[in-house]
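In: show me the folded form of this:
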Amino acid sequence: MNTRLCLTALILLPLAACGDGHAENASAKAASAPVARRLSSADVVRAEVRPLAAIIPFTGSLNALSSSAISSEVDASVREVRVREGEPVRRGQLLAVLDTEALAQSVEEQSAQLDNSKSRLKLAKVKLDKQRELLGKGFISQIAYDELESDYKVKEGELRAQAAQLARAQRQLADAQVKSPIDGVIYERKINPGEVVSRNMKLFSVADLSVLEIAATVPSRLVGQAKVGMSATFNVDGAGQPLHGEVVRINPVAIPGTRSFTLFIRVKNPDGRLKVGQFAKGGVVLQEVKDKVVVPLSSVRDIDGQPWVLVAEKGRLAKRPVTVALRADADRQVAISGVAQGERVVVGELLGSKAGDAVSLLAGRA
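Out: A predicted model of the protein is given here:
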């Protein structure tokens, strides 16, 4: 019995020794295996297809394309004011009525004087015709006839002058009714009933808000890329969606002291949602793509040579050649081909990492 136990012990000892060796080898291999680098949300973005535009950035303010300051044409007191700030008006609409009593009297006076001038001219014409007959028969001298003809021409001139004075008085009477010269909105009112206004005094300001313009300021290094007819996108405070306009003019002279240039961007505003004076920030669109994968500009290496990106796939970093379709420096974004939508692209530099290294993604990034 003791002999059998000894033999069994002798057999088990080598097997135990072999088992301990395999365990040590496995531990050594595990210790020498590389540890996967964990990537955070700051290291990786998902590639997505969306529109991207290369732009010339600008800032500026919205101005009315058509506006008018309405001034008094006469010296008079204000009898009635029919509009207030913020009210829409139509062209020819009556805004205010000035006192017309003195103006009406002037029209009557000038009209009566015109009638007198017509009567005197008519009588002078009859006399001239008679004197012409007598001259032909030799009953009067040429000098006497010339004097009558000269008197007739003087009376013709007086009639024309009187007609002009009557027309001026009638125009002043009409100007006592202050009317809007354009369709628009009253944004300034300077008078109230009972006040006295003088000639050339401003009464109202009106602006047409259906079409606005942005006086957009751009740097001198970029103005050469802008062309009339280019589209522009911009935002203003309170507007949820980007708005659109078109470059219609470019001022060829720089703004003194800034070396910046002004572009004029026409904006349609049929519903009056945009207001004059709002600050606008946006860009003139140089080029645009709509169906390319867009990633941060810092994702692409050697963008001016043979561009490539690092993608995280199957637990490792892989180098992927790409083609740059559009580079938007203002937005720090780039549109590329060679990466599928949804793939995870490394942003910026991962110090100490290279293609082929093992990586893992934090929860929520896989």
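
In: burial count for residue 83?
Out: Residue 83: 19 surrounding residues under other Cβ atoms under 10 Å. To be clear about C-beta, it is placed using only N, CA and C from the backbone, and glycine gets the same treatment.

In: what's the answer for residue 91, then?
Out: Residue 91: 12 neighbours (other Cβ under 10 Å).

In: so what's it up against?
Out: Contacts for residue 91 (Cβ atoms under 8 Å, 6 or more residues apart in numbering) come out as 180, 181, 182, 183.

In: again with residue 320
Out: 308, 309, 310, 311, 338, 339.

In: SS state for it?
Out: Here residue 320 is recorded as strand under DSSP: H, G, I helix; E, B strand; the rest coil.

In: is it in a bridge, and if so with what?
Out: Listed by DSSP bridges, the beta-bridge partners for residue 320 are residue 309.

In: against residue 41, how distant is it?
Out: 20 Å (Cβ to Cβ, to the nearest Å).

In: with residue 235 instead?
Out: 27 Å.

In: ok, these two, which is more surrounded?
Out: Ranked by neighbour count (other Cβ under 10 Å), residue 235 and residue 41 place residue 235 first, with 14 against 11.

In: closest to residue 99 out of the contacts of residue 320?
Out: Nearest to residue 99 among the contacts of residue 320: residue 339, at 77.8 Å, using Cβ to Cβ.

In: wait, the closest one touches residue 345, no?
Out: Yes: counting by Cβ atoms under 8 Å, residue 339 does reach residue 345; the two are 6.3 Å apart.

In: if I look at these two, which residues touch both of them?
Out: By Cβ under 8 Å, 6+ apart, the residues touching both residue 339 and residue 345 are 47, 295, 309, 311.

In: list the helices and strands the helix or strand where residue 117 lies packs on?
Out: Using DSSP states H and E, the secondary-structure element containing residue 117 is helix 101-137. Using 3 or more Cβ pairs under 8 Å, 6 or more residues apart in numbering; DSSP states H and E as the contact test, the elements touching helix 101-137 are helix 142-175.

In: quick check: buried residues in the helix it packs on?
Out: 145, 148, 152, 155, 158-159, 162, 165-166, 169-170, 172-173, 175 (16 or more other Cβ atoms under 10 Å).

In: thinking again about what came up before, now do the helix holding residue 117 and helix 142-175, the angle between them.
Out: Interaxial angle of helix 101-137 relative to helix 142-175 (axes from the mean of the first three to the mean of the last three Cα atoms, to 10 degrees): 160 degrees.

In: identify the residues contacting the spatially closest residue to residue 302 that is not a sequence neighbour.
Out: Leaving aside its sequence neighbours, residue 302 sits nearest to residue 308 (Cβ to Cβ, 6 or more residues apart in numbering; 6.5 Å). Counting by Cβ under 8 Å, 6+ apart, residue 308 touches 300, 301, 302, 319, 320, 321, 322.

In: all good on my end, thank you.
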